[in-house]
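Chemist: Sequence first, predicted model second:
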Amino acid sequence: MNPFRRRLPQALLALQLWSWTTPLAAQTTGSHPLRIEPGLVVVSATNDVVQKKDYESIVTIQSVDAAGTQMVMEWAIPDRQAPDGVRRQSAKAVERTQDTEHARRLVIWHLPGDPETFPGATGPTPSVDVFNEIRTKGEASIVVGSVSVNDGPSFLAGRKYFRGVVKKLGNEPIRVLVDGIPTMLNTVHVGGTLTVGGDTGDVAFWWLDDPAARFALKFTFQGSVVQAVRIDRPGKQSTEQALAGKSCRSELPGIYFLTDSAQLSPASQPAIQRVAATLKSHPDWAITIEGHTDNTGSDPHNLDLSKRRAESLKAELVGKYAIPSTRLSTAGYGRNRPVETNDTLEGRAHNRRVELLRRC
């Protein structure tokens, strides 16, 4: 077996947002289209079929100006040498405006030690030129930068650049949690076979069918699959109305933890600030913070992880925002209260969540 095919599905590095069952009712973004903007957060996931675990990356847009787009990436990958078997990293990246417009090179995996900028390249989201060729001509020539591997301890050995033509295969919807709501997003599906030296790889992309955004919502390469599972836009989430309603309950979008971690990502701060502001405007409210997981991993592990994640959010609200601890309690339910099927990446991502319950 090609070691690239065997190993790469285990190594979620980062679905970079460069230039980017029991189904619930899904919506569309309607009059609020997705756009590259400061504060936008995209979470993507890939499944390690060996470890039976989803590894996630979190990309946060820091700024957008005439020079380009700056972002911060956090990701988790399996690592046999790490105490818990997972290595978590972060990096900054910048995509230049001229590359957003014209580049034909797509760097789909981020490696530790990579430079902040790859001149002449985007991430898996295509440039305007490539996207327009797909829409008008039905095909485009591209170069895909992926990682090569070996069988040693550091099996991420370097990067190869595969060249070829991808063709439009059709239009397909991809289901993503947008601002916490299951949402169907229409995509342009493209694919082809690329080569470098004697190596070949089948590639497919699902690009948001919107010339102004073009997000890579999903891609596959040599057997690995990476999919955007959450997109949160700045200022679009609210929990106050749901907590004030009859159910007294609200899912809490915008809270992020990397794989098997109870440490809050810095990208969670806007959501935490909103919760703190809500609690301060309703001093009579008492809240239970609930942690939930998907079904990967053992029941004891998931139960413990869900409890620790709820406790992390409580500690942040108490320690940083001065919410009295007497108003907050925590509970963890592990895998026992799924809201979706655990048979899909997007379903498991939704089940990995935090909920707030007002005691009413």
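Modeler: Received it, and whenever you're ready, just let me know what you need. Numbering: from 1, shown residues only.

Chemist: residue furthest from the geometric center of this protein?
Modeler: Largest separation from the mean C-alpha position in the chain: residue 284, at 35.4 Å (CA atoms, centre = their mean).

Chemist: Please report phi then psi for that one.
Modeler: phi -90, psi -10 (degrees, to the nearest 10).

Chemist: Give me the pLDDT value at it.
Modeler: Listed pLDDT for residue 284 reads 96.

Chemist: just use 3 as the starting number from now, easier for me
Modeler: From this message on, residue numbering opens at 3, which makes the last subject residue 286.

Chemist: That one and residue 318: what is the separation?
Modeler: 22 Å (CB to CB, to the nearest Å). The C-beta positions use only the backbone N, C-alpha and C, and glycine is treated the same way.

Chemist: So residue 53, which state does it fall into?
Modeler: Put simply, residue 53 is coil when judged by DSSP: H, G, I helix; E, B strand; the rest coil.

Chemist: For it, grab the count of nearby residues.
Modeler: Residue 53 is flanked by 16 other residues according to other CB atoms under 10 Å.

Chemist: In this structure residue 223 contacts residue 202, no?
Modeler: No - Residue 223 lies out of contact with residue 202 (CB atoms under 8 Å); the separation is 11.1 Å.

Chemist: So between those two, which is more surrounded?
Modeler: It is residue 223, of residue 223 and residue 202, that has more neighbours when counted by other CB under 10 Å, with 23 against 13.

Chemist: Now do the same contact list for that one.
Modeler: 10, 110, 146, 148, 203, 204, 205, 206 (CB atoms under 8 Å, 6 or more residues apart in numbering).

Chemist: The third one is in contact with residue 167, isn't it?
Modeler: No - with contact defined as CB under 8 Å, residue 146 does not count as touching residue 167 (11.5 Å).

Chemist: which one of those two has more residues nearby?
Modeler: Applying other CB under 10 Å to residue 146 and residue 167 shows that residue 146 carries more neighbours, namely 26 against 12.

Chemist: Is that one in a helix, a strand, or coil?
Modeler: Classification of residue 146 using three-state DSSP returns strand.

Chemist: Mind listing the residues bridging to it?
Modeler: Here residue 146 sits in beta bridges with residue 108, residue 164, going by DSSP bridges.

Chemist: Pull the contacting residues for it.
Modeler: Residue 146 neighbours (CB under 8 Å, 6+ apart): 107, 108, 110, 163, 164, 165, 196, 203, 205, 223.

Chemist: which non-adjacent residue is nearest the last one?
Modeler: Okay, so that is residue 223. Nearest residue to residue 223 in three dimensions, chain neighbours excluded: residue 205, at 4.8 Å (CB to CB, 6 or more residues apart in numbering).

Chemist: does that neighbour count as helix, strand or coil?
Modeler: strand.

Chemist: Surely it touches residue 197?
Modeler: No - taking contacts as CB under 8 Å, residue 205 lies outside contact range of residue 197: 10.8 Å.

Chemist: between these two, what contacts are shared?
Modeler: residue 164.

Chemist: just to revisit the earlier point, let's see if you can find the most crowded of the contacts of residue 146.
Modeler: Most neighbours among the contacts of residue 146, by other CB under 10 Å: residue 108, with 29 neighbours.

Chemist: right, and the helix or strand after the helix-or-strand element of the chain with minimal mean pLDDT?
Modeler: Ranked by mean pLDDT, DSSP states H and E, the weakest helix or strand in the chain is helix 5-9, scoring a mean of 37. Later in the chain than helix 5-9, the nearest helix or strand by DSSP states H and E is strand 43-50.

Chemist: what packs against that following strand?
Modeler: Helices and strands touching strand 43-50, as assessed by 3 or more CB pairs under 8 Å, 6 or more residues apart in numbering; DSSP states H and E, comprise strand 55-67, strand 226-234, helix 347-353.

Chemist: Let's see the longest one as PDB, backbone CA atoms only.
Modeler: Spelled out, it's strand 55-67. The C-alpha trace of strand 55-67 is given here as PDB (Å, rounded to 0.1, in the frame of the first residue of the first chain):
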ATOM      1  CA  LYS A  55     -11.100   9.800  15.900                       C
ATOM      2  CA  ASP A  56     -11.900  13.100  14.200                       C
ATOM      3  CA  TYR A  57      -9.000  15.600  14.100                       C
ATOM      4  CA  GLU A  58     -10.000  19.200  13.800                       C
ATOM      5  CA  SER A  59      -8.400  22.500  12.700                       C
ATOM      6  CA  ILE A  60      -9.600  26.000  13.500                       C
ATOM      7  CA  VAL A  61      -8.900  28.900  11.200                       C
ATOM      8  CA  THR A  62      -9.600  32.500  12.400                       C
ATOM      9  CA  ILE A  63      -9.400  35.500  10.100                       C
ATOM     10  CA  GLN A  64      -7.500  38.200  11.800                       C
ATOM     11  CA  SER A  65      -7.500  41.000   9.200                       C
ATOM     12  CA  VAL A  66      -8.300  41.700   5.600                       C
ATOM     13  CA  ASP A  67      -6.800  44.600   3.700                       C
END
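
Chemist: How far does the following helix or strand past it sit from its chain's centre?
Modeler: Note on strand 55-67: by DSSP H and E, the next helix or strand toward the C-terminus is strand 70-80. Between the centre of strand 70-80 and the centre of its chain there are 10 Å (CA atoms, centre = their mean, to the nearest Å).

Chemist: Equivalent analysis for stretch 216-232, please.
Modeler: Distance of stretch 216-232 from its chain centroid, counting by CA atoms, centre = their mean, is 10 Å.

Chemist: For that stretch, measure first residue to last.
Modeler: 16 Å (CA to CA, to the nearest Å).

Chemist: Over to stretch 124-138?
Modeler: 21 Å.
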